[in-house]
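Visitor: show me how the following folds:
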Amino acid sequence: MHDERRRIEERVERVHDQRIKPAIYAATVPFEVEAWQAPGEPVPFAEAAAAPYEPFAMDTPWGPPWGTTWFRMRGQVPAEWAGKRVEAVIDLGFVGDWPGNQAEALVHLTDGTPLKAVNPLNQYVAIANPATGGETVDYLVEAASNPDILANNFSAPTTMGDVLTAGDRPLYTFRRADLAILDEQVWHLDLDLQVLRELMVHLGEHEPRRHEIMHALDRAMDALDLDDISGSAPAVREVLAPVLARPAHASAHTVSGVGHAHIDSAWLWPIRETKRKTSRTFSNVTSLADEYDDFIFACSQAQQYEWVRDNYPHVWARIQDSVKKGQWAPVGGMWVEADGNLPGGEAIARQLIHGKRFFIEHFGVETKGVWLPDSFGYTAAYPQLAKLAGNEWFLTQKISWNQTNKFPHHTFWWEGIDGTRIFTHFPPVDTYNARFSGEEMDRAVRNYSEKGGGTRSLAPFGWGDGGGGPTREIMERARRLKDLEGSPKVVVEHPDKFFAKAREEYPDAPVWNGELYLELHRATYTSQARTKQGNRRSEHKLREAELWATTAALHAPGYSYPYEKLDRLWKTVLLHQFHDILPGSSIAWVHREAEAEYARVAEELEALTAEAIAALGAGGPRVFNTSPCDRSEVIRTADGTPAYVEVPASGSAPLTDAEPPRPVKAEGRVLDNGLVRVEVAEDGTLSSVYDLRANREVLAGRGNLLRLHTDLPNYWDAWDIDKHYKNRYTDLLTPDSVEAVSQDPLLGAIRVTRSFGKGSTITQTITVRAGSPRIDFETDIDWHEAEKILKAGFPVDIRAPHSSAEIQFGHVQRPTHTNTSWEAARFEVAGHRWVHIGEPGYGVAVINDSTYGHDVSRTVREDGGTTTTVSLSLVRAPRIPDPEADQGRHRFVYSLLPGADIEDAVAEGYALNLPLRVADAAGAPEPVVAVDGEGVTVEAVKLADDESGDVVVRLYESRGGRAHGVLRTGFPLAGAQVTDLLERPLEDADIDGDGGIAVSLRPFQVLTLRLRRGATGR
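Guide: As a prediction, the model looks like this:
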């Protein structure tokens, strides 16, 4: 047989694209269209319905950036269309096929009922099937003219990312608003051809099935009358029917498909636009569910459901109905799909608590899995926290984006830092926006790593990132691929069913231990520093407000615990932990609003804390310690004078000067407090840090060396820092001034001021306090650089085989060597409040109050000694998608802690992030809880969410070893239970004769206790 592949394949392609696809709509008549542009921000339907509309013609430009235009569309179905399937077809002037970052619209009836959204590959609204003829159609269409921030693949900065800078030039040209007849036979033929063509080209040239399909397509083209596409379509489909009916091989891989519409809660659009995106996508999904009984849609992010509930009651009712029918599957059990590394431990717990509770309360559904397809790596704390929230499985696919190493598994057990394991799956289709294309199905099978062990994988299908969701065409593809030779078998089912089947067939799946590090998007640990600082400070202020509100609720007559306010503030913080807000990868508008929200949250939390402390009564200045550790340190009082105070963990003490162990001596550029001696060089770096307790020099080079690197990644500017950034840099060694600014016996300080680059300045106050080996670097930067990153390095004379970085409820160890490509790829990593390096007998920690990104490297000196360098990433200057990212003022503190073990790092991390508070109060009661036992650390103290008055305490083991202790309460204790994260009882906790609760924890174990107050308590 002659090889005619080229002729046949090109023939099929041309006929399909140029003749069959244009014939899907057999006849059209235009709508009569009028328009009204809303001034400023979006308006309610009632206001739009009453607005004055003007005639609008097709091919007219419309829509300024971020604008809203309402279109009134009126038409009548022609009488001769009776018996036909009639639809409205609307093309707003779409650009490309991605629905997320361009014009979108929601179609309403004139009574305000939302019907369906339109976007590039989903332009129809069903009218009648069949039509009777003569139907009147009257729509109000809310169209959003969102700019295409992704234009030219992020190749240049754009001012379109903020309504304040985007201008008002219309972005789109309206192309079409028609009533149309859908020719169902031609539409189905189009889908038959697409599925077979794509299957054919992804089969091997040696496969008989490829040639069978090819010749069937050739015969089908012979059967097609090019002058009567509609009339001949049934005959063409009959030719193709036998090849579409051939069943899949018995051993074919199974792809479990579930509808999906990943909606970034903010990214290349602001939060206000996401609220509208949810209504559009969810309208489409519920409409599709009405068309396809076998359709199932998985949807996460309780926050988005709440937006729809509050703003779109019609859509909310349709969602509730779809959930009852089993076609809508709430998944994920989190408030939003949060960043996987940066939120604190308690914040991740609250993500799970608020998400799961929302789905239980509103749908009676307890989600069973964590659904995070798009976050940028995942902390090793997740397995334990997911299990403690009642989850059985975990899903992501983002690790497939690795820049260097291919992750070895698709289905596996993921083991966290405490030893908890959770069944985990990475879809080998390598997307959460699948469309069941031939290329995707081929990749899912070819890529699947568990062949011989497992036989199935998951494929979330539907348009996503900016919403859109599944389409009827995708569902038709799934039906054709249900049992088709040469293809994996596609079954549409609930993710819970997939995970149950996958676990049943592969119970001994391999184990991955530790973090799921994404070898990409490493700059998300640093970009948009003010957003990250807002998150860190909000988390700690929430802890503070809850502790003192609980104290007041227990001991202050007449005080009411602020349940509603704390709930609302927590949800605000949780929303802004979304995986494109907290990482710093959103447009300017998003981060401008985030900074304003964090300021509001801080103000409200300050007021709540002050109110709680005031409720304890007045009586003179006292010092309040929110940290779980006892504190002895120097603070500044209201008039700025320093005082040395001693305060118990989670308690308070009078503001009276205690006697420090030794005063600080400040002579020139030398600060000495008897614990450490710090020498500042003429260039403003640290020339020496001498640990007087250990009798050893800490540094092996310039300490606090500020290094300005060129930082232009290959792609994704705000997301990425590529390894070549290390190759070009400038050390900041020419200060404007170095001067002593405090020589108080309690506090010595030297200030270093520098100017550099494009008008940037940095002022650092290097502070040593009496009684503490901690050296603080209070930093004030006015930043005006572009495509740069500023790092602060500490070369330490320690041979550290690994670094330890704090993560949620513990820490993770990472090798300092680069033996393999896996270690080499971790050239920038994330940590929370501290990083520790050590060798047997000695260690050093670097503490911070708002930064996350850092690197740790190791070199050997000529004298044979080893230098281990910890470098904090302080601030970046990406220009895409926000051209002004990080510009302006930054204030933060980081510290060097010589002679530190892990326990010291934990204590000082809390201390730096939870400053002591001075307030006028009466003699405060005992701490709500106190713990005897090293390593048992209190993370949260609050009243139970059910408003029962019970006290909830969350503890964890913080050193990485076994821990035993006794928890005692500052109130009468009537009973205690161990609970899950949702405060549901798991077992009773034993109370000893003295009213204490014995606590035994494995390494990094998290324990939640619910404490019932005795009769004498309030």
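
Visitor: now Thr765: how far from Glu667?
Guide: As for Thr765, its distance to Glu667 is 17 Å (criterion: CB to CB, to the nearest Å). For glycine as for every other residue, the C-beta is placed from the backbone atoms N, C-alpha and C.

Visitor: and Ala46, what does it touch?
Guide: Ala46 sits next to Gly112 when contact means CB atoms under 8 Å, 6 or more residues apart in numbering.

Visitor: just the pLDDT at it, thanks.
Guide: Looking at Ala46, its pLDDT is 97.

Visitor: quick one: which of Thr765 and Glu667 has more around it?
Guide: Using other CB atoms under 10 Å as the criterion, Thr765 and Glu667 rank with Thr765 on top: 17 against 10.

Visitor: wasn't that one part of a strand?
Guide: Yes. Using DSSP: H, G, I helix; E, B strand; the rest coil, the assignment for Thr765 is a strand.

Visitor: what sits against it?
Guide: Here Thr765 is in contact with 741, 749-751, 776-778 (CB under 8 Å, 6+ apart).

Visitor: point out where this structure drops to low pLDDT.
Guide: Along the chain, segments meeting pLDDT under 70 span 1016-1018.

Visitor: give me that answer again for 90
Guide: Within the chain, the segments meeting pLDDT under 90 span 1-4, 96-101, 150-155, 618-620, 637-641, 656-661, 922-925, 993-994, 1015-1018.

Visitor: next, name the residue at the spatial heart of it.
Guide: Among the residues of the chain, the one closest to the centroid is His579, at 2.2 Å (CA atoms, centre = their mean).

Visitor: contacting residues for that residue?
Guide: 264, 336-340, 372, 374-376.

Visitor: before we move on, what about Leu973?
Guide: 991, 995, 1011-1014.

Visitor: quick one: the strands in the stretch 501-650 of the chain?
Guide: If DSSP state E, counting those that start in this stretch is used as the criterion, the strands of the stretch 501-650 of the chain fall at 511-513, 621-624, 631-636, 642-647.

Visitor: again, but for the stretch 851-1000 of the chain
Guide: 853-860, 866-876, 888-898, 917-920, 929-932, 936-943, 951-957, 963-969, 973-979, 985-988, 997-1001.

Visitor: neighbouring strands of the first one in the sheet, and parallel or not?
Guide: The partner list of strand 853-860 in its sheet, established with DSSP bridges, is strand 829-830 (antiparallel), strand 866-876 (antiparallel).

Visitor: what of the third one?
Guide: Sheet pairing for strand 888-898, assigned by DSSP bridges, gives strand 775-783 (antiparallel), strand 842-848 (antiparallel).

Visitor: contact partners for Asn152?
Guide: Counting by CB under 8 Å, 6+ apart, Asn152 has no contacts.

Visitor: that one: what secondary structure?
Guide: When classified by three-state DSSP, Asn152 comes out as helix.

Visitor: and Glu926, what does it touch?
Guide: Applying CB under 8 Å, 6+ apart, the residues contacting Glu926 are 651, 970.

Visitor: follow-up on the earlier one: so which of the contacts of Thr765 comes closest to Lys571?
Guide: Using CB to CB, Glu778 comes nearest to Lys571 of the contacts of Thr765, at 32.3 Å.

Visitor: setting aside sequence neighbours, what's the nearest residue to the closest one?
Guide: Thr765 (4.3 Å; CB to CB, 6 or more residues apart in numbering).

Visitor: quick check on Val370: phi, psi?
Guide: Backbone dihedrals for Val370, given as degrees, to the nearest 10, come out at phi -100, psi 130.

Visitor: Phe809 and Gly853, how far apart?
Guide: Relative to Gly853, and taking CB to CB, Phe809 is found at 20 Å.

Visitor: same check, this time on Trp70
Guide: Taken as CB to CB, the span from Trp70 to Gly853 is 45 Å.

Visitor: same deal with Ile613?
Guide: For Ile613 relative to Gly853 (CB to CB), the value is 35 Å.

Visitor: returning to what we had before: can I get the strands of the stretch 501-650 of the chain in a markdown table with distance to Asn391?
Guide: Formatted as a markdown table, the strands of the stretch 501-650 of the chain follow (distance: least, CB to CB, whole Å):
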| stretch | distance to Asn391 |
| --- | --- |
| strand 511-513 | 17 |
| strand 621-624 | 36 |
| strand 631-636 | 37 |
| strand 642-647 | 38 |
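
Visitor: before I go, just wanted to say thanks for your time.
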